[in-house]
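J.: fold the stuff below for me.
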Amino acid sequence: MIRTLRAAAWLFLAGSVGYYLWYGLTADASDSGGLAWVGPQMIPLGIAVSLVPVLLAFTKDGVVSAFTGRNSAAFRNGLLGVGTVTGTRPTGTTLNDQPEVRIELNVRGADGTIFDSHAKLVVPLTDLALFAPGAVLPVRYLPGRTDRVEIDRSGDMAGAQAVYNEVQLQRGLTTREALEVAERGIPASAVVRSLDVTGAVREEYAELRLGLIVSRPDGTTFETEVEKFLPPRAVQLVQVGRVIQVRYLPTDETRIALALPANA
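T.: Numbering: from 1, shown residues only. Okay, the predicted model is just below:
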């Protein structure tokens, strides 16, 4: 639908210009009263010049998504991937004083696909910080057309989490065992009692050894340790004394998974 509207707008503009030029070049000056270039023949051109730029601006992908709250038809059934923000810049378009931004992304798909791309999105000024470099976002992409993606607007949190987990596995930043605990474990809170750096680093993620005091649902506690690769921005979440969310298996309390937000 959007492509049809944009194509119709361009055709209308081209047709209006063509008609105006044809009329001006072929009209008999005596019949037109010497006004071959001025008159009713300017009406279609005036309408096109006024409305077509507006229509083109408001049918841009980022603006359409802002209006509908959904992905465009082309990307609605696209593959889910995980995009890491590498940079942002305004496009110059605004909607209700909210800027449209171009978001540069490094995208990883659950099938192992890795590529650089970009998305455009109208972002409230108060939310711009959410798209800082390093932020992780679910995206939709089309195989064979990876130059552009869209931020996922489907609300499919389970699907996005599954893709994020698979990507973390590919990068060696988690294990199947940890994902099993995260899926089947009992949610609980824990206090960080110690924090050590093991020295291992993977893709700028440092491995930390955390000593935890975990609270069971019945109010009792137990102590355990867990090793986890975390990005630099997430280290602040696991400082000594912080309360964090975890999951553990009651049949084996040494098996524990952290439940930290993807974006600190």
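J.: for stretch 211-226, how far is the first residue from the last?
T.: End-to-end distance for stretch 211-226: 7 Å, by Cα to Cα, to the nearest Å.
J.: so where's the stretch 1-150 of the chain uncertain?
T.: 1-10, 12-13, 20, 27-39, 41, 45, 48-69 (pLDDT under 70).
J.: give me that answer again for 80
T.: 1-70, 73, 95-97 (pLDDT under 80).
J.: how about the helices in it?
T.: Here the stretch 1-150 of the chain has its helices, by DSSP state H, counting those that start in this stretch, at 2-26, 42-58, 61-68.
J.: mind listing the helices for the stretch 151-264 of the chain?
T.: 157-170, 176-184.
J.: most packed of those helices?
T.: helix 157-170 (a mean of 16; mean count of other Cβ atoms under 10 Å). For every residue, glycine as well, the C-beta is placed using N, CA and C.
J.: kindly calculate the angle that that one makes with helix 176-184.
T.: 160 degrees (axes from the mean of the first three to the mean of the last three Cα atoms, to 10 degrees).
J.: how about residues contacting helix 157-170?
T.: Helix 157-170 is contacted by residues 80-82, 108-110, 112, 136, 138, 152, 174-176, 179, 182, 262 when judged by Cβ atoms under 8 Å, 6 or more residues apart in numbering.
J.: now find how far off-centre it is within its chain.
T.: With Cα atoms, centre = their mean, to the nearest Å as the basis, helix 157-170 stands 14 Å off its chain's centre.
J.: contacting residues for the residue nearest the centre of the chain?
T.: The centre of the chain sits closest to residue 151, judged by Cα atoms, centre = their mean, with a distance of 3.2 Å. By Cβ under 8 Å, 6+ apart, the contact list for residue 151 reads 65, 83, 103, 119, 121, 137, 138, 139, 140.
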